[in-house]
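>>> quick one, structure for this:
(2 chains)
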Number of protein chains: 2
Amino acid sequence: MTTAKQDPIQGGKRAAIIGGGVIGASWAALFLANGLKVIISDPDPAIETKVKATIETAIPSLAAMGYDTADLTANLSFGSDTASAVADADIVQECGPERLDFKRSLWKLVEEAAPKDALLCSSSSTIPASVQSDQMTDKARLIIGHPFNPPHLMPLVEIVPTLATDPAVTAKALEFYQSVGKVPREIRKEVTGFVANRLQAAIFRESVYLVSEGVVELDELDDIMTNSLGIRWATSGPFLSFHLGGGAGGLRHFLEQFGPPTEASWKVLGQPKLDEATKALLIAQVDATYGKSAFKDLAETRDAKEIAVINGLAGIDRASHEG
Amino acid sequence: MTTAKQDPIQGGKRAAIIGGGVIGASWAALFLANGLKVIISDPDPAIETKVKATIETAIPSLAAMGYDTADLTANLSFGSDTASAVADADIVQECGPERLDFKRSLWKLVEEAAPKDALLCSSSSTIPASVQSDQMTDKARLIIGHPFNPPHLMPLVEIVPTLATDPAVTAKALEFYQSVGKVPREIRKEVTGFVANRLQAAIFRESVYLVSEGVVELDELDDIMTNSLGIRWATSGPFLSFHLGGGAGGLRHFLEQFGPPTEASWKVLGQPKLDEATKALLIAQVDATYGKSAFKDLAETRDAKEIAVINGLAGIDRASHEG
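Numbers count the residues shown, from 1 in each chain, chains lettered A, B, ... in the order given. As a prediction, this is how the structure comes out:
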């Protein structure tokens, strides 16, 4: 068991990132911007070029969020030997392939090669830590630190301990991700999809249903979302929204007055299939709308808007804390 | 039948609002800010005081969105006689009680009292126009113009014609709401809840499930939403998000690669009940979190954040149109 007496990780510490794909490189950009030394372990001989290209695309976002991005990669190094890469790590952030055999072997190796007090986090959204830790001697050390893509931009990190995870590890993970500017939240049960991806699945299911029924076309549904619920949910989650929707009586009043119609509204939701006909319909509609724009332009507009939202909200948070 | 040769409604035209509750007064504030003359018809003898108080609370938001709010109520009048109120209206916006008998009688009266080319819109989210128009001679005239609350702030208006609605009326409604700064979208079938409220129901069902299962507490779920999906959906709806998530291959590639796991993710979603035990759990958690803050403070922070998001996004839209 690890102890509760571990120091929080701060800037100047060392992060080892396992896997330099899009998620790993995005974590690297964020950690570097926060003053950490980063080593990326990846067997790909071309990994340095790939990672630096990904970091390059993250720089405008990081700069827009107020980070100093000059010489961002000065503290970045690479290595193909995992044991050496993690040998003096304060945190190991796993971003490897979503394969169980890979992750099981990795943690067995990392557990032996990394310092005893290193924080061991997997970015996985699909393989829970209780399964990944199968071959570890001390299963108390492993935890999920699942980012919302892209990690350098989106605030959320889902922290998912197992039943075996030491509570001190959970506390340390929460503290670490907060120290690099993220908003970590603990998920108390290892449910499939954790929380954010389940909420996303709920929306996508109903969205596919409404388009497949011809109620709206796919870009119209997107417009409906971005011009109503998206604005609401960027500022207040579903419970706070209904708490305020209940007026001075709050959620209590809302549930008393609208409980039965709310429950009834759940019963009419659709149960679509993602069969060939549905996929063909969605692809035809996407070709006729977003397909006309270059991927790069759409992605750049999305990123710019996400930063505008994040910075706009941060401004209000600062004002309300100072006020 | 109305004809397709109606002029679009612009500033300087006359709006009659039926019902001066929160929705009616919010519509009034928006219409006045856009230069319309507004008359509110409501039997409540104290309606003028109530409406002006609601408009007062809308002024900071309207000003922050760039509207001139000096003398906002100069073109606002009141009347308790519906026939007189609609007699020279270019648009009638119904915001009365959600009672079928009220709406049926209203439209029968309005149809006879309003100009033949007046646009007749109901704000209702629960009683479709096909049911409201039951006693009208010309059912082609009625359409739903359902705002997302609050109407003066949220861009979306769901335009829901019936099978009998004249397409020229639909076109005119789309044009009118756009002329007062809204983002109207046509809903092509009168499904229960239209689109936005169905999407909201899908999220709330899964949210209640996750809290009732003890996966997270209610304020933590809200934080997860506002720090991930909310930011994403304020900027890109679910289809554009997955189109971009598919990389250069777009939604086609996404569906090919992730179709089966996506369909599987729908199957694990919860089916909670909103029974007394669940309601008690939610109320206990809301009391322990949001209940500690004053309603007014929470609502003001939400409004300020919504404006920050709306204005932030508008800035990017302007830049990308100019760029």
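>>> now the helices for the stretch 51-200 of chain A?
Ranges of helices in the stretch 51-200 of chain A, per DSSP state H, counting those that start in this stretch, are A:82-86, A:100-113, A:129-132, A:167-179, A:196-212.
>>> who wins for proximity to chain B among those?
Closest of these to chain B is helix A:196-212, at 4.0 Å (criterion: CB to the nearest CB). All C-beta atoms are positioned from the backbone trio N, CA, C, and that covers glycine.
>>> low-confidence regions, chain A specifically.
For chain A, the stretches with pLDDT under 70 are A:1-11, A:321-323.
>>> against A:Asp297, how distant is A:Ala304?
11 Å (CB to CB, to the nearest Å).
>>> okay, the two: which has more neighbours?
A:Ala304 (21 against 11; other CB atoms under 10 Å in any protein chain shown).
>>> my guess is the more buried one contacts B:Ile316. True?
Yes: at 5.0 Å, A:Ala304 counts as touching B:Ile316 under the criterion of CB atoms under 8 Å.
>>> relative to helix B:295-322, how tilted is whichever helix in chain A runs longest?
Counting residues, the longest helix found in chain A (DSSP state H) is helix A:295-322. Angle of helix A:295-322 versus helix B:295-322, following axes from the mean of the first three to the mean of the last three CA atoms, to 10 degrees, is 150 degrees.
>>> helices or strands up against helix A:295-322?
helix A:47-64, helix A:229-235, helix B:229-235, helix B:238-245, helix B:295-322 (3 or more CB pairs under 8 Å, 6 or more residues apart in numbering or on different chains; DSSP states H and E).
>>> any idea of the angle that helix forms with helix A:47-64?
Going by the same axes, to 10 degrees, helix A:295-322 makes 50 degrees with helix A:47-64.
>>> so for A:Asn75, which of the helices and strands packed on helix A:295-322 sits nearest?
helix A:47-64 (11.8 Å; CB to CB).
>>> list the buried residues of the closest one.
Neighbour counts over helix A:47-64 (16 or more other CB atoms under 10 Å in any protein chain shown) mark A:47-48, A:50-52, A:54-55, A:57-59, A:61-62, A:64 as buried.
>>> and the two most separated of these?
A:Ile47 and A:Ala64 (26.7 Å).
>>> count the residues that sit near the closest residue to A:Ser123 other than its chain neighbours.
Leaving aside its chain neighbours, A:Ser123 sits nearest to A:Cys95 (4.7 Å; criterion: CB to CB, 6 or more residues apart in numbering or on different chains). Neighbours of A:Cys95 under the rule other CB under 10 Å: 24.
>>> how about the contacts made by A:Cys95?
Neighbouring residues of A:Cys95 by CB atoms under 8 Å, 6 or more residues apart in numbering or on different chains: A:Ile17, A:Ile18, A:Gly19, A:Gly20, A:Gly21, A:Ile23, A:Gly24, A:Trp27, A:Ser123.
>>> can you give me the separation between the second one and chain B?
Distance from A:Ile18 to chain B, counting by CB to the nearest CB, to the nearest Å: 22 Å.
>>> count of neighbours near A:Ala280?
Neighbour tally, A:Ala280, other CB under 10 Å: 12.
>>> and it, that's in a helix?
Yes: the assignment for A:Ala280 is a helix, going by DSSP: H, G, I helix; E, B strand; the rest coil.
>>> with adjacent residues omitted, what lies nearest to A:Leu281?
A:Ser212 (6.3 Å).
>>> show me what the closest residue in space to A:Tyr177 that isn't next to it in sequence is bridged to.
Leaving aside its chain neighbours, A:Tyr177 sits nearest to A:Pro184 (3.9 Å; criterion: CB to CB, 6+ apart). Beta bridges link A:Pro184 to A:Val157, judged by DSSP bridges.
>>> pretty sure A:Pro184 contacts A:Ala173?
Yes: assessed by CB under 8 Å, A:Pro184 is found in contact with A:Ala173 at 6.9 Å.
>>> overlap in contacts, these two.
With CB under 8 Å, 6+ apart, A:Pro184 and A:Ala173 have common neighbours A:Gly145, A:Ile159.
>>> and the two most separated of the contacts of A:Cys95?
Longest span within those, CB to CB: A:Gly20 and A:Ser123, 12.3 Å.
>>> so how far is the longest helix of chain A off the chain centroid?
Here helix A:295-322 is found 16 Å from its chain centre; the criterion is CA atoms, centre = their mean, to the nearest Å.
>>> how close does A:Gly230 sit to chain B?
In terms of CB to the nearest CB, A:Gly230 sits 4 Å off from chain B.
>>> before we move on, what about A:Ile40?
From A:Ile40 over to chain B (counting by CB to the nearest CB), the distance is 21 Å.
>>> count of neighbours near A:Gln135?
Count around A:Gln135 with other CB under 10 Å applied: 14.
>>> what do you get for A:Ser130?
Neighbours around A:Ser130, by other CB under 10 Å: 17.
>>> for A:Ser130, what are its contacts?
So A:Ser130 contacts A:Lys139, A:Thr162, A:Leu163, A:Ala164, A:Glu190 (CB under 8 Å, 6+ apart).
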